[in-house]
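> next come a sequence and a model predicted from it.
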Amino acid sequence: MTSPSTQLLDGKATAAAVRVEVQAATAALRDAHGLQPGLTVVLVGEDPASQVYVRNKDRAATEAGFQVDTVRLPATASQEELHAVVDRLNADPAVHGILVQLPLPAGLDSDAVIDRLDPAKDVDGLSPRSVAAWTLGRPGHRPCTPAGCLELMARYGLEVAGKHLVVIGRSMLVGKPIATLALERNATVTICHSRTQGLEDHCRRADILVAAVGRERMVKADWIRPGAVVLDVGINRGADGKLCGDVDTEAAMGVAGWITPVPGGVGPMTIAMLLRNTLCAAAASAGADGEALLAGAAGVAAG
Ligand code: NDP
């Protein structure tokens, strides 16, 4: 069975709309509190993919009106040097968001670095206090990629409550938080991983299928329930040298109801959510409500 018209979930256009809202909320924060959101990215080593990601985040945050800095350390940096950078940024009142670009070079303990982040500035939502907050449903930063997936669906009017969401992958970055955030929104959730038996059958039962594996075009068209929403988180360099996701998108067209392209799907939404988290962190530092500023900006954009 096929779905006659698979529709694209355009992450690029949706992220652009979110970024306009963040820009307007940033201006409102500046006008009301004389405050400019500050985001500092910590980049250790020369990993080429990380350099590209950091450049994209830097550009988006600058466009939003943030003060953006990148602290670059050589791959030979010691754990103590890295901790000293985090301690300095934690104490700097002009820095509202700190992003430690992962993965760190071999030999550095990323858990110890993330544990050290001030939870208020942990705009990636990965530190233990942040994880506790999103697990308990308390206020705090939500991880950017899962939050971006759910925001994208919300902006297309796609329901999560009552739906069966199946995620392939159980990382702290994507799999576990999207399962938790979707559960909070009343989805029924299945988490699959490398030891899951009958993976394809689990996928076929999904109303919302999230692929977060990191394997080129692993999810085939016949794993997808006709009409399902497919969120392709994977970013892989295909055999042809081009970027591709974890889903065989070409084959999935005509089966899925909705699908995110790669590139131009989840990736831009991840950056947009990073901006939102940083704006909210800056607002909170002044005792203001970032969500309310963003809602006001969204209202103006819609009106
Ligand atoms: P990880 O490598 O941390 O996790 C991959 C997960 O996939 C693991 O849970 C693993 O299972 C599971 N897995 C591996 N092989 C199989 C298999 N054959 N069948 C079922 N499950 C399998 O990756 P991340 O979660 O960090 O990232 C996943 C992908 O998403 C990557 O391509 C990454 O580049 C991309 N990504 C994209 C972002 C974006 O903004 N678009 C942001 C973050 C990531 P197990 O736990 O058993 O090992």
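Great, that's in hand.

> using CSV, write out every CA atom in the helix or strand bottoming out on mean pLDDT in the chain.
The weakest-scoring helix or strand in the chain, judged by mean pLDDT, DSSP states H and E, is helix 290-302 (a mean of 90). Provided in CSV are the C-alpha atoms of helix 290-302 (Å, rounded to 0.1, in the frame of the first residue of the first chain):
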residue,chain,number,x,y,z
GLY,A,290,11.9,33.8,27.3
GLU,A,291,8.9,31.6,26.3
ALA,A,292,6.6,34.6,26.6
LEU,A,293,9.0,36.7,24.6
LEU,A,294,9.1,34.0,21.9
ALA,A,295,5.3,33.6,21.9
GLY,A,296,4.9,37.3,21.5
ALA,A,297,7.3,37.3,18.6
ALA,A,298,5.5,34.4,17.0
GLY,A,299,2.2,36.2,17.4
VAL,A,300,3.5,39.3,15.6
ALA,A,301,4.9,37.1,12.8
ALA,A,302,1.5,35.3,12.5
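
> contacts made by that helix with the rest, please.
The contact list for helix 290-302 (C-beta atoms under 8 Å, 6 or more residues apart in numbering) reads 17, 20-25, 28-29, 276, 279-284. Bear in mind the C-beta positions are built from the backbone N, C-alpha and C, glycine included.

> for that helix, the distance to its chain's centre please.
20 Å (C-alpha atoms, centre = their mean, to the nearest Å).

> one more: stretch 149-159?
How far stretch 149-159 lies from its chain's middle: 14 Å, per C-alpha atoms, centre = their mean.

> write out the residues of the protein neighbouring the ligand.
145, 168-171, 173-175, 192-196, 199, 212-215, 233-236, 266-267, 270 (C-beta under 6 Å from any ligand atom).

> please pick the buried ones from those.
Buried subset of these (neighbour count, 16 or more other C-beta atoms under 10 Å): 145, 168-171, 173-175, 192, 196, 199, 212-213, 233-236, 266-267, 270.

> so which of these are in strands?
I168, C192, N236 (DSSP state E).

> dump those residues into TSV; add distance to Q7 and pLDDT as well.
TSV is the format used below for those (distance: C-beta to C-beta, whole Å; pLDDT from 0 to 100):
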residue	distance to Q7	pLDDT
I168	22	99
C192	25	99
N236	23	95
